[in-house]
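Colleague: Sequence and predicted structure are below.
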Amino acid sequence: MTFEKLLEPGHIGKCEIRNRMIQPAMGTNYSSADGFVTEQLVNYIYRRAAGGVGLVITEITLPDPEGRVIPGELDMSKDIYIAGAAKLVNAAHAGGAKIFMQFAHGGCFAMKSVSGVAPATPSGVATFQTGFEECRVMTVDEIHELVDAYAQAALRAKKAGFDGIEIHCAHGYMPQQFLSPYTNRRTDEYGGSLENRARFSLEILQEARKLVGKDFPIMYRLSAEEYTIPEGITLDQACEFAEMLDAAGVDAIHVSAGTWDSRYQYYEGIKSGDFDPEDYDTSIGLGCQAWIPPYFTPRGIVMPLAAEVKKHVSVPVVTVNSVSPELGEAALAAGEADFIAVGRQSFADPDYARKVVENRPEDIRRCLRCNECHSSLVAPFGVQCSINPQTGKEGERFAEIVPAQAARKVAVVGAGPAGVVAALVASERGHEVVLFEKSARIGGNLYYAALPSFKDDFMQYLKYLEHRLAESAVDVRMETEATAELIANEGFDAAIVATGATPLRRGFVGDDALDPLAVLEGAVPEGDDIIVCGAGLVGCEVALELAEKGKRITLIDMVDVAGAESAEYVKYSLWAKLIENHVDQRMGHSIVSMDGKTVVCEHEGERVDFEGDAVICALGLRSERTLLNQLREQGGIEVVPVGDVNAPRKIIQSVHEGFHAGRRI
């Protein structure tokens, strides 16, 4: 397909934007701990702008430092921050994009351990994501002071040269906490009716407008649904609020969804047995995952909310939520949105917009929605991307791909993600690269990870790697097992060993226990009652895949919770999906023995037996190091191990190790 609508210039207020693609505000933790702009953040912003988007919106910027949620958030509460912020403007403009600054206050989520003060809120309502940390109720004077802080920060953004601002009234931040009846239980002029609950947001707009003038664009980001009990913001209320913003002179509305506690009560009710899991779809977005949806969630599920809001306003509407170029083009063509915001995709491939402009969608390295980016954000050590090792390292010499000083003949053994990425990077640098793969397909364990019905994002990445290999100068030798003798005889100067890992079979595992990878590939066990031993990611996904085929699943492991190694903003959706699919989770059970139909465990000092029609052994992986050891013993060439051959881990480690091996060899 062609992307005509995405390429059309557009306007937000008086600001002309070169196309309809926007990078929305996303936390990076790249600024300093005291809120100043860093060179890392400047380089990151420039790289996204240069990649072709029309508008970049900064991550959360504080109008008041007491609203800080995580270290490393930008601050604009004093004039001292203006000079650094101007560097972001210069970077975005140098890349050809416009730039807005987003302002947000964390409210109940601004923990005392980060901000130094008790969280300020409309009514003292806390969130499960901070362990229900006690919050304080704001006085009317404090509300007026915060309104003024937003307005003064907006003026500073204008002085720094920004093209506009965005007020964050979504995702549980302070304006939304006032707007929502879930978090606002006040009985004064700031609570009760929708008009009163909207007063805080509208006063910010009015006071900011007085300072920045009528021609400086102000955009609001709002959550059009909260998914909370007791009832929070609904779509009807969001549309009415959008009409108020429109009448008050807002220049655009950016429609998202969710709050800190989205679907939390549903999830707890399902766990307690009070709610039927069939009725609530908690796995499509629990808590933050309502707006940072993992791979379990269909793409674009928030887009209908934006389409409805658009019917109620005269200003441009931005839609968001895992929107592919194809979905974005269709939404624009149907008149359901005016701009398309694409977030995590810009971590994965900052050039995605340029590739859309050049009609090269097959070249886009599409986001896995694995949410490792946000796990690294809250760690907190700055955003990293599983499939783009250069994210956050723009401008760093150790992340550059530069031509090799002398071309070498390089063998890469194993065509999983680590091996393929290493081969591509080494070839790009000018080396003569031969990629050996003993099977008839590439992907290694990524192939199996991509097989479940809810893992299409991973399958798209596998197809991207296949495409990149086909376009490269890499000599790919499928169904060829590389041996130490072959590598020596062909005169290689170096070998990158990416032989991966295979399922672990411990001594207590019977021969008739099933291989989880074979099950993922389609070997569905006979019978209805299936036992899955091992609640790591492989075991969980095997359990889910079979449960969705109608099997009754018992999931057993000695760990406390299933999927413990999954990314921060995947865990809740994973747990919810297990519950929705009626997977019987038996955690805290040490497995003593298993065979094809029986598992014997120890739990709290007692023996527990489980019987089923089949047993699947998903107790982890073991690194395949035979060739690595042989090459090291043989000597004579440089040998670099990458990926699971070092230790079984996740795709982020495999891709990053492969990238750096190819970059430095």
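Modeller: Structure received. If you're wondering where the values come from, they're calculated on a predicted model, not measured in any experiment.

Colleague: Quick test: name the residue nearest the centre of the chain.
Modeller: Residue closest to the average C-alpha location in the chain (CA atoms, centre = their mean): residue 371, at 3.1 Å.

Colleague: Could you pull up the contacting residues of it?
Modeller: By CB atoms under 8 Å, 6 or more residues apart in numbering, the residues touching residue 371 are 289, 292, 294, 344, 567-570. C-beta here means a position set from N, CA and C on the backbone, and glycine is covered the same way.

Colleague: Give me the distance between residue 152 and residue 143.
Modeller: The gap separating residue 152 from residue 143 is 15 Å, by CB to CB, to the nearest Å.

Colleague: Dump the contacts of residue 371 into TSV; add distance to residue 300 and neighbour count as well.
Modeller: Compiled in TSV, the contacts of residue 371 are given as follows (distance: CB to CB, whole Å; neighbours: other CB atoms under 10 Å):
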residue	distance to residue 300	neighbour count
289	15	27
292	14	25
294	14	27
344	14	21
567	21	23
568	23	18
569	18	25
570	19	24
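
Colleague: and the two most separated of those?
Modeller: The most widely separated members of the contacts of residue 371, counting by CB to CB, are 344 and 568 (13.6 Å).

Colleague: Need the three-state assignment for residue 410.
Modeller: Under DSSP: H, G, I helix; E, B strand; the rest coil, residue 410 falls in the strand class.

Colleague: these two touch, right, it and residue 430?
Modeller: No - checked against CB atoms under 8 Å, the pair residue 410 and residue 430 is beyond contact range at 10.5 Å.

Colleague: quick one: contacts of the longest helix along the chain?
Modeller: Across the chain, the longest stretch assigned as helix under DSSP state H is helix 140-160. Contact with helix 140-160 is made by 61-64, 76-77, 79, 81-83, 85-86, 88-89, 101, 103, 105, 120, 138, 165, 167, 174, 188-190, 200, 203-204, 207-208, 210-212, 216, 218, as judged by CB under 8 Å, 6+ apart.

Colleague: Sitting in helices, which of those do you find?
Modeller: Among these, the members found in helices (DSSP H) are 82-83, 85-86, 88-89, 174, 200, 203-204, 207-208, 210-212.

Colleague: May I ask which of those has the most neighbours?
Modeller: Using other CB atoms under 10 Å as the neighbour test, these are led by residue 174, with 32 neighbours.

Colleague: Just the pLDDT at it, thanks.
Modeller: You'll see residue 174 listed with a pLDDT of 97.

Colleague: Also residue 282?
Modeller: Predicted confidence (pLDDT) for residue 282: 84.

Colleague: Next one: it relative to residue 265, how far apart?
Modeller: Applying CB to CB, the value for residue 282 to residue 265 is 10 Å.

Colleague: Which one of the two is surrounded by more residues?
Modeller: Neighbours were counted for residue 282 and for residue 265 using other CB under 10 Å; residue 282 has more, 29 against 19.

Colleague: Just the element for the closest residue to the more buried one other than its chain neighbours, please.
Modeller: Closest residue to residue 282 apart from its sequence neighbours, by CB to CB, 6 or more residues apart in numbering: residue 576 at 3.9 Å. Element membership for residue 576, per DSSP states H and E: helix 571-580.

Colleague: same check, this time on residue 610
Modeller: Going by DSSP H and E, residue 610 is in strand 606-611.

Colleague: Please name every helix or strand in contact with that strand.
Modeller: Under the contact criterion of 3 or more CB pairs under 8 Å, 6 or more residues apart in numbering; DSSP states H and E, strand 606-611 touches strand 598-603.

Colleague: What pairs with the helix or strand that the helix holding residue 576 is followed by, parallel or antiparallel?
Modeller: Next in sequence after helix 571-580, counting helices and strands by DSSP H and E, comes strand 584-586. According to DSSP bridges, strand 584-586 has the following sheet partners: strand 552-556 (parallel).

Colleague: just to revisit the earlier point, the strand holding residue 610: how far from the chain's middle?
Modeller: Remark: strand 606-611 is offset 39 Å from the chain centroid, using CA atoms, centre = their mean, to the nearest Å.

Colleague: what does stretch 534-545 give?
Modeller: For stretch 534-545, the distance from its own C-alpha centre to the chain's C-alpha centre is 21 Å (CA atoms, centre = their mean).

Colleague: Give me the residues contacting that stretch.
Modeller: By CB under 8 Å, 6+ apart, stretch 534-545 touches 448-449, 451-455, 516-517, 519-520, 532-533, 553, 555-557, 559, 561-566, 574, 577-578, 581, 583, 585, 587, 616-621, 650.

Colleague: Ok, stretch 268-282 next?
Modeller: Here stretch 268-282 makes contact (CB under 8 Å, 6+ apart) with 263, 266-267, 573, 576, 579-580, 582.

Colleague: what about burial for the residues you listed, which qualify?
Modeller: Buried members of the contacts of stretch 268-282, scored by 16 or more other CB atoms under 10 Å, are 263, 266-267, 573, 576, 579-580.

Colleague: Which of the helices and strands in the chain ranks last by mean pLDDT?
Modeller: In the chain, no helix or strand scores lower on mean pLDDT, DSSP states H and E than helix 264-272, which sits at a mean of 85.

Colleague: and the next element down the chain from that helix?
Modeller: Using DSSP H and E, the helix or strand that follows helix 264-272 towards the C-terminus is helix 303-310.

Colleague: from the middle of its chain, how far away would the helix or strand following that following helix be?
Modeller: Once the chain leaves helix 303-310, the next helix or strand it forms, by DSSP H and E, is strand 317-319. The chain centroid and the centroid of strand 317-319 are separated by 20 Å, computed with CA atoms, centre = their mean.

Colleague: And the strands in the stretch 1-150 of the chain?
Modeller: For the stretch 1-150 of the chain, the strands defined by DSSP state E, counting those that start in this stretch occupy 10-12, 15-17, 21-23, 55-62, 74-75, 98-103, 120-121, 136-137.

Colleague: Can you say which of these is nearest to residue 328?
Modeller: Proximity to residue 328 (CB to CB) singles out strand 21-23 among these, at 7.5 Å.

Colleague: List the strands paired with the closest one, with their directions.
Modeller: Strand pairing for strand 21-23, using DSSP bridges, gives strand 55-62 (parallel), strand 339-341 (parallel).

Colleague: what's the average pLDDT for the last one?
Modeller: What it means is strand 339-341. Averaging pLDDT along strand 339-341 yields 98.

Colleague: What lies in contact with it?
Modeller: Residues from elsewhere that reach strand 339-341, judged by CB under 8 Å, 6+ apart: 6, 10, 12, 17, 20-24, 54-55, 252, 254, 316-320, 323, 328, 331-332.

Colleague: How about the first one?
Modeller: The contact list for strand 55-62 (CB under 8 Å, 6+ apart) reads 12, 17, 21-28, 35, 45, 48-49, 68-69, 73-77, 88, 92, 97-105, 153, 157, 163, 166, 168, 173, 339.

Colleague: just the helices in the stretch 301-450 of the chain please.
Modeller: With DSSP state H, counting those that start in this stretch, the ranges of helices along the stretch 301-450 of the chain come out as 303-310, 325-333, 344-348, 352-357, 372-378, 417-428, 445-449.
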